[in-house]
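In: Using only what follows, build the 3D model:
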Amino acid sequence: MNYSTKVVVAALFFASSWSLLAQEVDQTGNASQVQQASGITSYTVGFFEDQSPATAMDMISLLPGFSFKNSESSRGFSGSAGNVLINGRRPSTKSTSLSDVLRRIPVSAVERIEVLRGSHPEIDMHGLPIVANVIRIAGTSSSNALQVTTKIFPGGDFGNFASLERIQQSDGLLLEGALTFLKDRNMFDYGDGPYRAQDASGAIEEEGKYTADNWRDNLELTGAVTKELETGFVRGNINVASSGNEDNESYDLVTPLGSYREQTRTVNKERSIEVGGDYSHDLDNGGNLEIIGVQALEWETDDSRDVDPDGISLSNEKGRSGESILKGVWRHPLSDSSQMELGAEGALNFLDAQSTLTANGSTISLPSANVLVEETRTELFAALTYQGIENLSLDLGLRAEDSEITLTGGANVQNQFSFVKPRAIASYSLGGRTQLRARIEREVGQLNFNDFAAGAEFSNDTVNAGNPNLSPESAWVYEIGFEQPVLGDGAVNLTYRHYEIEDALDVVIVDGFAAPGNIGDGTRDAIEASVALPLSLSNFDLGLLQVDGTWTRSEVTDSVTGEIREISGERPFTGNLLYSRDFPSLDSTFGIRATLPWEQTNYRVDQISFREYSGFWRIYWDWQARHDLLLRVQVESPFKRELSRQRTHYAGLRSDNIIEGTDERSAIMDPFVYLRFRWMF
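Out: The predicted structure is shown next:
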């Protein structure tokens with residue numbers, strides 16, 4: 001992203017915040033729709049009514065000053081939580097994302113949404129300073145939903161999605177089920193544009209047209225059952241999915257010696273099943289005991305073929321992986337304002353991966369091409385939440401993690417890791433929703449098992465060796481945040497984080513090949529800012545503007561050159577924009593969504609790659625045709641999104657500083673139309 005764009009975004013934050021904070025405003029909003037008490041802001045369904053949301057996820061996206069954090073796919077259960085609870089609990093599933101769970105809850109099943117700030121002894125906030133809590137309507141009810149979406153691309157191609165959902169609730173029994181189908185383009189890997197390659201002197205070696213097209217498909221069945229008991233609840237869920245991805249890239253090139261076409265095709269297939277459940281029992285002393293279990297299995301294949309004038313290259317990768325998790329938590333109230341939590345989590349994980357690489361029929365030997373990775377991990381944790389001092393809440397925690405990772409095949413290695421992870425969060429209320437927050441925590445990342453195995457990526461002309469000697473990246477995180485309500489339902493949020501990184505993960509050399517590896521210590525500084533700004537003029541509603549952005553700066557020592565640089569693949573700026581305007585008389589909402597421009601630089605042992613993204617815009621119109629029927633018409637990429645890549649190639653290592661040549665390409669995506677139909681019955 002260029003400098004002027006950064007200045008415009010920064011100016012928007014500054015101008016909005018300054019103008020709002022300078023005004024005398026009513027910070028309570030509509031009292032009948034927004035209620036504030038003890039660090040909890042409650043929003044009734046009426047607060048969202050004008051914008052005609054269809055699901056709980058739509059409602060979450062409209063919360064003033066709240067930034068949604070989706071669940072993560074990292075191993076284990078404790079570290080994968082998102083920042084939204086449902087009836088004070090997190091879903092006991094990992095394969096189904098939190099956003100998908102929320103999209104399957106219709107507005108008719110929601111009583112209110114609470115935003116919790118600081119610590120609350122009665123709620124497990126998973127160490128997060130702010131969470132949203134979706135409260136479902138109790139009693140007897142049932143709902144069905146059919147959603148169909150279609151994307152109409154230039155050239156007559158169609159992308160399709162369909163889902164059928166069912167919710168049945170009666171006598172403390174909740175049954176949920178969904179069947180989804182997807183056949184659609186991957187918006188990130190689609191488009192065409194110019195390509196050019198030059199030698200070290202700047203002379204053109206080849207140029208022409210680059211074309212990328214990526215299609216994905218998915219068939220998924222999910223089901224869940226929850227039974228409320230006199231002293232708690234029991235819940236079970238299942239997810240079965242089959243998905244695929246086909247990526248095609250081609251170069252139609254002209255050289256001084258003639259013209260030719262290079263083609264790359266990669267086909268990925270995945271099958272997975274997950275079964276999970278949890279049991280919660282309320283104790284006589286006001287405490288609670290909860291047990292959670294998850295079992296997941298996945299099978300994956302990846303076949304690639306590259307054809308160019310030098311011949312045919314083939315890559316085949318296949319893997320089988322699994323995860324077994326058991327977690328137990330005991331919560332005990334120490335007083336009306338404090339609670340203690342003790343627990344343990346155990347996990348067994350494995351990956352059995354094989355890969356082959358051939359060039360014109362000759363096999364290329366790769367380090368760690370066939371590996372079995374097995375992990376045994378245990379974690380003990382304790383936490384204390386305290387609200388005994390007026391306007392101040394504390395969340396103190398301590399986790400002790402121990403894991404053993406064993407590799408067999410290629411290299412036989414056994415690594416033992418132990419980490420102590422303290423956490424302290426303090427939140428101070430200055431009145432209403434105005435709040436100061438501070439956090440100190442040691443975070444430990446998880447190793448990607450695929451980094452232990454070799455693999456090839458023809459689309460980027462890269463081959464990676466597996467690295468058996470990886471260590472998890474960890475960091476001490478220091479954070480301070482500030483939240484200020486403005487214009488009733490608006491909000492300004494500012495957060496600063498500093499990371500002291502140990503064993504930063506980047507790229508190193510293993511047996512002559514590039515491979516993931518640890519490159520030493522480093523630092524990262526990040527500033528997050530968000531503004532939710534209700535717009536009006538002389539009591540005339542002009543809509544709602546929401547902007548968020550994150551500025552990041554990092555430093556590590558390059559493992560090849562020994563010089564200081566940013567972390568590979570880290571984006572200096574990312575941001576989003578949403579403008580929406582309700583038209584109640586038309587039962588409609590007009591909106592604009594945008595992913596703002598970004599850039600990133602990736603460092604390999606013999607190459608530097610720079611990518612630039614022009615941003616992605618959507619203009620939509622929602623129409624509540626009936627109380628049970630919602631339609632959306634949306635134009636995507638109206639300004640022709642562009643994703644460009646520039647690479648500098650070195651003869652040998654980058655440390656030799658002998659440039660061999662450069663190349664650049666762009667993928668430009670034309671506008672297309674998106675239609676959505678959602679019927680609730």
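
In: And Val254, which helix or strand is it part of?
Out: Val254 belongs to strand 232-255 when assigned by DSSP states H and E.

In: Averaged pLDDT, that strand. What do you get?
Out: For strand 232-255, mean pLDDT is 95.

In: Quickly run through the sheet partners of it, with directions.
Out: Using DSSP bridges, strand 232-255 pairs in its sheet with strand 204-229 (antiparallel), strand 258-282 (antiparallel).

In: Pull out the buried residues from the last one.
Out: By neighbour count on 16 or more other CB atoms under 10 Å, the buried set for strand 258-282 is 262, 264-266, 268-270, 272-280, 282. C-beta: built from backbone N, CA, C; applies to glycine.

In: from what I can see Val131 touches Leu116, true?
Out: Yes: Val131 sits in contact with Leu116 when judged by CB atoms under 8 Å, with a separation of 5.3 Å.

In: Quick check: neighbours shared by the two?
Out: By the contact definition CB atoms under 8 Å, 6 or more residues apart in numbering, Val131 and Leu116 are jointly contacted by Ile123, Met125.

In: thinking again about what came up before, and the strand holding Val254, which residues are buried?
Out: Buried-residue list, strand 232-255, by 16+ other CB under 10 Å: 232-233, 235-239, 241, 243-245, 247-251, 253.

In: likewise stretch 402-409?
Out: For stretch 402-409, by 16+ other CB under 10 Å, it's Ser403, Ile405, Leu407, Gly409.

In: Alpha carbons of it, in PDB - could you do that?
Out: The C-alpha coordinates for stretch 402-409 follow below in PDB (Å, rounded to 0.1, in the frame of the first residue of the first chain):
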ATOM      1  CA  ASP A 402       4.600 -29.700  28.400                       C
ATOM      2  CA  SER A 403       4.800 -31.400  25.100                       C
ATOM      3  CA  GLU A 404       6.800 -34.100  23.400                       C
ATOM      4  CA  ILE A 405       7.100 -34.300  19.600                       C
ATOM      5  CA  THR A 406       8.500 -37.400  17.900                       C
ATOM      6  CA  LEU A 407       9.500 -37.600  14.300                       C
ATOM      7  CA  THR A 408      10.200 -40.800  12.500                       C
ATOM      8  CA  GLY A 409      11.200 -41.200   8.800                       C
END
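
In: Am I right that Gln646 is in a strand?
Out: Yes: per DSSP: H, G, I helix; E, B strand; the rest coil, Gln646 lies within a strand segment.

In: Give the full set of residues in contact with it.
Out: Counting by CB under 8 Å, 6+ apart, Gln646 touches Ser609, Phe610, Glu612, Thr662, Asp663, Glu664.

In: any idea how far the fourth one is from Ser67?
Out: Here Thr662 is placed at a distance of 38 Å from Ser67 (CB to CB, to the nearest Å).

In: wouldn't Gly208 be in contact with Leu253 here?
Out: Yes: with contact defined as CB under 8 Å, Gly208 reaches Leu253; the gap is 3.9 Å.

In: For the helix or strand hosting Leu342, enumerate the helices and strands it packs against.
Out: Leu342 is part of strand 338-359 when elements are defined by DSSP H and E. If contacts are counted by 3 or more CB pairs under 8 Å, 6 or more residues apart in numbering; DSSP states H and E, strand 338-359 sits against strand 311-335, strand 370-389, strand 455-457.

In: Run through the stretch 451-600 of the chain and note the low-pLDDT ranges.
Out: Across the stretch 451-600 of the chain, nothing is flagged by pLDDT under 70.

In: To clarify, my last question referred to the chain.
Out: 1-38, 72-80, 121.

In: From the recorded domain assignment, give the ranges for it.
Out: The chain breaks down into these domains under automatic domain parsing: 32-137, 140-680.

In: Just say which of the ones you listed is most tucked in.
Out: Ranked by mean neighbour count, the domains of the chain are led by domain 32-137 with a mean of 19 (mean count of other CB atoms under 10 Å).

In: Need the residues touching each of Gly208 and Leu253.
Out: When CB under 8 Å, 6+ apart defines a contact, the residues bordering Gly208 and Leu253 alike are Tyr195, Ser259.

In: Can you list the neighbours in contact with stretch 385-396?
Out: The contact list for stretch 385-396 (CB under 8 Å, 6+ apart) reads 38-39, 118-121, 125, 127, 129, 335, 337-339, 341, 383-384, 423-430.

In: Please flag which of the residues you listed sit within strands.
Out: If you go by DSSP state E, those have 335, 338-339, 341, 383-384, 423-430 in strands.

In: and these as CSV, adding distance to Val560?
Out: Formatted as CSV, these follow (distance: CB to CB, whole Å):
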residue, distance to Val560
Ser335, 57
Ser338, 52
Gln339, 50
Glu341, 45
Ala383, 42
Leu384, 46
Arg423, 35
Ala424, 38
Ile425, 39
Ala426, 42
Ser427, 44
Tyr428, 46
Ser429, 50
Leu430, 49
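
In: Greatest separation within those: which pair is it?
Out: Using CB to CB, the ones in strands among the contacts of stretch 385-396 span at most 27.7 Å, a distance reached by Glu341 and Leu430.

In: Just the terminal-to-terminal distance for stretch 303-313.
Out: 11 Å (CA to CA, to the nearest Å).

In: sorry, that was for stretch 618-638
Out: Length of stretch 618-638, first residue to last, CA to CA: 7 Å.

In: Of the helices and strands packed on strand 338-359, give the one that comes closest to Gly286.
Out: strand 311-335 (4.7 Å).

In: what angle do that closest one and strand 338-359 make?
Out: With axes from the mean of the first three to the mean of the last three CA atoms, to 10 degrees applied, the angle from strand 311-335 to strand 338-359 works out at 170 degrees.

In: what's the offset of strand 311-335 from the middle of its chain?
Out: Centroid displacement of strand 311-335 relative to its chain, using CA atoms, centre = their mean, to the nearest Å, is 16 Å.

In: Likewise for stretch 465-483?
Out: Distance of stretch 465-483 from its chain centroid, counting by CA atoms, centre = their mean, is 16 Å.
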